[in-house]
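*Asks:* compute the structure for the input listed below.
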Amino acid sequence: WTGVRFNPYLWPESARGGAWLADDVGTSLADVCAELKLPIGVMAFGGFSPLVPSIEALCARGDVDVVIDHWGFPRAEPGGAPSS
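*Replies:* Residues are numbered from 1 along each chain as shown. Here you go, the predicted structure:
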């Protein structure tokens, strides 16, 4: 294994916001990632801003690397619809 992907949109809707990825489940997963020295990839394809507090909380741990897996989708033309 080379890393673990966190898909924020698989978290229950009730958990979205605030700690979100750094809730009890995310913290338990991050503990295992730290122990195995696996980075966490965060799939931020639904928007980065709502995830900032939880990404900051994961980064603040200091014992696990966090990678932003998706910054967005490429567009064939600026301002156009995402490429398919």
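*Asks:* check contacts around residue 70.
*Replies:* Listed by CB atoms under 8 Å, 6 or more residues apart in numbering, the contact partners of residue 70 are 43, 44, 45. Quick note: C-beta positions are derived from backbone N, CA and C, even for glycine.
*Asks:* which of the helices or strands spans it?
*Replies:* With elements taken from DSSP states H and E, nothing contains residue 70; it lies in neither a helix nor a strand.
*Asks:* separation between it and residue 38?
*Replies:* Residue 70 sits 18 Å away from residue 38 when distances are taken as CB to CB, to the nearest Å.
*Asks:* go on, residue 60?
*Replies:* Between residue 60 and residue 38 the distance, using CB to CB, works out to 18 Å.
*Asks:* these two: which has the busier surroundings?
*Replies:* It is residue 38, of residue 60 and residue 38, that has more neighbours when counted by other CB atoms under 10 Å, with 17 against 9.
*Asks:* roughly how far does that one sit from residue 31?
*Replies:* Separation of residue 38 from residue 31 (CB to CB): 11 Å.
*Asks:* how about residue 56?
*Replies:* When CB to CB is applied, the distance between residue 56 and residue 31 equals 18 Å.
*Asks:* and residue 57, what helix or strand is that in?
*Replies:* Assigning secondary structure by DSSP H and E places residue 57 in helix 52-60.
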